[in-house]
Every structure is written in C-alpha cells, then in structure tokens.
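Asks: Show me the folded form of this:
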Amino acid sequence: MTIIHTANAGRSSARIVRELEELIAALDRRVPQMERVGEVAIAAAAAALRTDAVKRIEALVCAGAADADRLPVG
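Replies: Coordinates of the predicted model:
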C-alpha cells in the first residue's frame with residue numbers, strides 16, 4: 001500500500017528522487033563515532049533510513065517507467 005504524504009503531493013517524482021539521492025549521499029558520508037553514547041542506535045537508524053530511501057527511489061523509478069509506457073505514441 002502506498003501512502004502519499006501531503007508534503008510530497010506537489011513535488012514531481014524526479015525532484016523527490018533527487019532529494020532522496022542527496023539524503024543517501026549524506027548518510028553515506030557520515031562516519032559513525034562508536035565511542036559516543038547511543039551511536040549504535042543512530043547508525044542502525046541511519047542504515048534503515050538509507051534502505052527505505054533506496055526502496056522509495058526504486059518504486060518512483062518503476063512508477064515513472066510504467067507511466068511512460070502508457071503515453072501515446074506519435
């Protein structure tokens with residue numbers, strides 16, 4: 001089941017994909033500081049967020065491809 005949040009409703013799929021890619025890049029740049037309290041939980045949450053972002057990009061790209069398949073030709 002897909003839930004469309006009102007904050008995303010006005011944005012194009014391409015823009016959302018770009019923003020998700022920026023999020024993934026930021027998460028990839030982050031270096032865990034394991035000596036800090038709570039860092040293990042933060043690192044785990046970041047990994048889960050990255051996984052969710054990748055899945056959302058895949059869903060948006062697949063939906064875009066499906067929409068392109070329905071466009072009239074000629």
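Asks: Quick check, central residue of the protein?
Replies: What sits nearest the mean C-alpha location of the chain, by CA atoms, centre = their mean, is residue 53, with 2.5 Å.
Asks: what about that residue, which helix or strand?
Replies: Secondary-structure assignment from DSSP states H and E places residue 53 in helix 39-69.
Asks: Give me the buried stretch members for that helix, please.
Replies: For helix 39-69, burial by neighbour count (16 or more other CB atoms under 10 Å) applies to 43, 50, 53, 56-57, 60. Where C-beta positions appear, they are placed from N, C-alpha and C, glycine not excepted.
Asks: mind putting these in JSON lines, pLDDT included?
Replies: Below are those laid out as JSON lines (pLDDT from 0 to 100):
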{"residue": "43", "pLDDT": "94"}
{"residue": "50", "pLDDT": "98"}
{"residue": "53", "pLDDT": "98"}
{"residue": "56", "pLDDT": "96"}
{"residue": "57", "pLDDT": "96"}
{"residue": "60", "pLDDT": "92"}
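Asks: Closest one to residue 34 out of those, please.
Replies: Lowest distance from residue 34 to the buried residues of helix 39-69 (CB to CB) belongs to residue 43, with 7.9 Å.
Asks: show me what contacts the closest residue in space to that closest one that isn't next to it in sequence?
Replies: Using CB to CB, 6 or more residues apart in numbering and skipping residues adjacent in sequence, the residue nearest residue 43 is residue 32, 4.5 Å away. Contact analysis of residue 32 by CB atoms under 8 Å, 6 or more residues apart in numbering lists 39, 42-43.
Asks: thought residue 33 was touching residue 39?
Replies: Yes - under the criterion of CB atoms under 8 Å, residue 33 makes contact with residue 39 at 5.5 Å.
Asks: what sits against residue 54?
Replies: Here residue 54 is in contact with residue 24 (CB under 8 Å, 6+ apart).
Asks: can we see that at 10 Å?
Replies: Residue 54 makes contact with 20-21, 24 under the criterion CB atoms under 10 Å, 6 or more residues apart in numbering.
Asks: Neighbour-wise, give me the winner out of those residues.
Replies: For the contacts of residue 54, the largest number of neighbours (other CB atoms under 10 Å) sits with residue 20, at 18 neighbours.
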